[in-house]
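Chemist: here are the coordinates; sequence isn't available:
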Ligand code: SF4
């Protein structure tokens, strides 16, 4: 008999990666319209919790209205003779994997960004209570991580209780992140890899180093080490660094070999500290995106929670679509907020000296890690809402990229013969990519180091094309 025979829907690895569209959802928990939500794992003393106990504070799923979004807090409390606080991040990240095993239940993102949907179909089959979800989690945690001896799970939907616990959750994340700061990539022999997100992005591998936090911001190098040691066959594994091939871009022979193996040859080279050439791949649950703005030769940054449009007129969701899927996209880079605090943050591209715009909320959070001489020269949505106002702001403040504009313009004028210059004047690449796959007539054509020029770009919705 299956260990889930009393659960009204199927549970298994085949449901990982299942997407639930808005039209198919019964309810949404957390997500972009809910401000305060979280998931948190805490290690407790054995006498503080009751094994298998599932607590629900606030309305249960069956009390919710179809089509609505609700706040949610998930607290997973674990006890075990050899468990310690260092494993909280590892336990917490497993919530994502295990919830996605449930048929018709989709869990995205992490920590304070969780976004869950339950499908109408699964609700109709009887999945109408957090008790079922809790029981699945309890059984999976206990069978996959035997180091956990007792596990208690609390689901909180009462907004007042969430409000009370939310700051505590943020504090716990910050304490965890702070512990991992200070160690350098050069000081360790091993990095860690994570393929938990391959269910959504099959060619994605996170390479977690002391100075390059995982894309989701939920697994530090210490968490990676702890996870690989308690569950060596799990999604997190050790990577032997091998030879340092490029200290500036961050290329290691061991990273290249491992990523090639884990992506079945799709990705064979990774440069850890740049968004160009062979950047680290981006899955879908990165906390933020770095996007290149060619007009100013600088980077914009935007996080998942930013509601407006960025300085180039695109919202986070559009930029995330251009970045995600386990690809290496030149100039689009999924990353965590903690990585912005690292000395290696886009180091090969100029780091913070190349960043020109980011939402105020994120600037406040990482302010202490931005070099003092540039912090006031980086615009937020309050300083610049479009490229023209951004240019004016950067010029007025003397941002380091401005010096490059004149340098580049002089170099270009000197290098290009007058007759060519006239033509090229009007041509700016509309797309550049290290690898650009195209499908035509049944063939897959891959352009390497592509730069595409076009006199005109026509963007037409696919449905219009079908009609015509
Ligand atoms: S973003 Fe990276 S580290 Fe985080 S769960 Fe996904 S693969 Fe693992």
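Modeler: Sure, I can see it. Quick caveat: nothing in here was measured; it's all calculated off a predicted structure.
Chemist: Show me what residue 193 is bridged to.
Modeler: Beta-bridge partners of residue 193, counted by DSSP bridges, are residue 207, residue 237.
Chemist: Just the pLDDT at it, thanks.
Modeler: Note on residue 193: pLDDT of 97.
Chemist: That one and residue 263 touch, don't they?
Modeler: No - using Cβ atoms under 8 Å, residue 193 makes no contact with residue 263, being 10.6 Å away. Every C-beta, even on glycine, is put in place using the N, C-alpha and C of the backbone.
Chemist: what do these two both touch?
Modeler: Residues touching both residue 193 and residue 263 (Cβ atoms under 8 Å, 6 or more residues apart in numbering) are residue 205.
Chemist: Stretch 176-185 near the ligand at all?
Modeler: No - Stretch 176-185 lies apart from the ligand when judged by Cβ under 6 Å from any ligand atom; the minimum separation is 13.2 Å.
Chemist: Check the separation of the first and last residues in that stretch.
Modeler: End-to-end distance for stretch 176-185, by Cα to Cα, to the nearest Å: 18 Å.
Chemist: what does stretch 34-49 give?
Modeler: 29 Å.
Chemist: Buried residues, that stretch. List them.
Modeler: 34, 36-43, 49 (16 or more other Cβ atoms under 10 Å).
Chemist: What mean pLDDT does it get?
Modeler: Across stretch 34-49, pLDDT averages out at 97.
Chemist: which residues touch stretch 42-61?
Modeler: 26-27, 70, 75-80, 83-85, 87-88, 91, 118, 123, 127-131, 134-135, 138, 149-159, 161, 172.
Chemist: swap in stretch 12-32?
Modeler: Taking Cβ under 8 Å, 6+ apart as the rule, stretch 12-32 contacts 37, 61, 64-72, 97, 100-106, 113-123, 157, 199-200, 304-305, 307.
Chemist: Get me the contact residues on the stretch 151-300 of the chain for the ligand.
Modeler: Residues of the stretch 151-300 of the chain lying near the ligand (Cβ under 6 Å from any ligand atom): 194, 196-197, 206, 214-216, 218-219, 283, 285.
Chemist: 5 Å instead, please
Modeler: 194, 196-197, 206, 214-216, 219 (Cβ under 5 Å from any ligand atom).
Chemist: Mind checking which of these land in strands?
Modeler: Among these, the residues falling in strands (DSSP state E) are 194, 206.
Chemist: how about low-confidence regions in the protein?
Modeler: 1, 409-468 (pLDDT under 70).
Chemist: Break it down into its domains, please.
Modeler: Following automatic domain parsing, the chain resolves into domains at 13-180, 181-284, 287-323+350-415, 428-468.
Chemist: can you point me to the longest helix in the chain?
Modeler: helix 159-180 (DSSP state H).
Chemist: Which residues does it contact?
Modeler: Under Cβ under 8 Å, 6+ apart, the answer for helix 159-180 is 36-38, 40, 42, 57-58, 71-73, 75, 88-89, 111-112, 156, 210, 213, 220-223, 338, 341.
Chemist: And the helices in the stretch 1-150 of the chain?
Modeler: 88-99, 120-124, 130-144 (DSSP state H, counting those that start in this stretch).
Chemist: which of the residues in the shortest one are buried?
Modeler: The one in question is helix 120-124. Residues 120, 122-123 are the ones in helix 120-124 that count as buried (16+ other Cβ under 10 Å).
Chemist: ok, now stretch 188-206?
Modeler: Result for stretch 188-206 [16+ other Cβ under 10 Å]: buried residues 191-201, 203-206.
Chemist: Spatially nearest residue to residue 8 (excluding sequence neighbours)?
Modeler: Leaving out its chain neighbours, the residue that sits closest to residue 8 by Cβ to Cβ, 6 or more residues apart in numbering is residue 126, at 3.2 Å.
Chemist: typed the wrong thing, it's residue 128
Modeler: Spatial nearest neighbour of residue 128, chain neighbours left out: residue 62 (4.2 Å); criterion: Cβ to Cβ, 6+ apart.
Chemist: My read is that the one you found contacts residue 129, right?
Modeler: Yes - Residue 62 is within contact range of residue 129, at 6.0 Å (criterion: Cβ under 8 Å).
Chemist: who has more neighbours, those two?
Modeler: Per other Cβ atoms under 10 Å, whichever of residue 62 and residue 129 has more neighbours is residue 129, with 17 against 11.
Chemist: Now for the residue nearest to the more buried one when sequence neighbours are not counted, how many residues are close by?
Modeler: Using Cβ to Cβ, 6+ apart and skipping the chain neighbours, the partner closest in space to residue 129 is residue 60 (5.2 Å). Residue 60 has 13 neighbouring residues, counting by other Cβ under 10 Å.
Chemist: now residue 60: how far from residue 189?
Modeler: Distance of residue 60 to residue 189, given as Cβ to Cβ, to the nearest Å: 49 Å.
Chemist: Show the contacting residues for the residue minimising distance to the centre of the chain.
Modeler: By Cα atoms, centre = their mean, the chain has its centre lying nearest to residue 286, at 0.9 Å. For residue 286, the contacting residues are 215-216, 320, 323-324, 334-336, by Cβ under 8 Å, 6+ apart.
Chemist: Which of these fall in helices?
Modeler: Going by DSSP H, the helices hold 320, 323 from the contacts of residue 286.
Chemist: Neighbour-wise, which one of the contacts of residue 286 leads?
Modeler: residue 215 (31 neighbours).
Chemist: So what does it look like in phi/psi?
Modeler: The phi/psi pair for residue 215 (degrees, to the nearest 10) reads phi -60, psi -40.
Chemist: Apart from its chain neighbours, what residue comes closest to it?
Modeler: residue 286 (4.0 Å).
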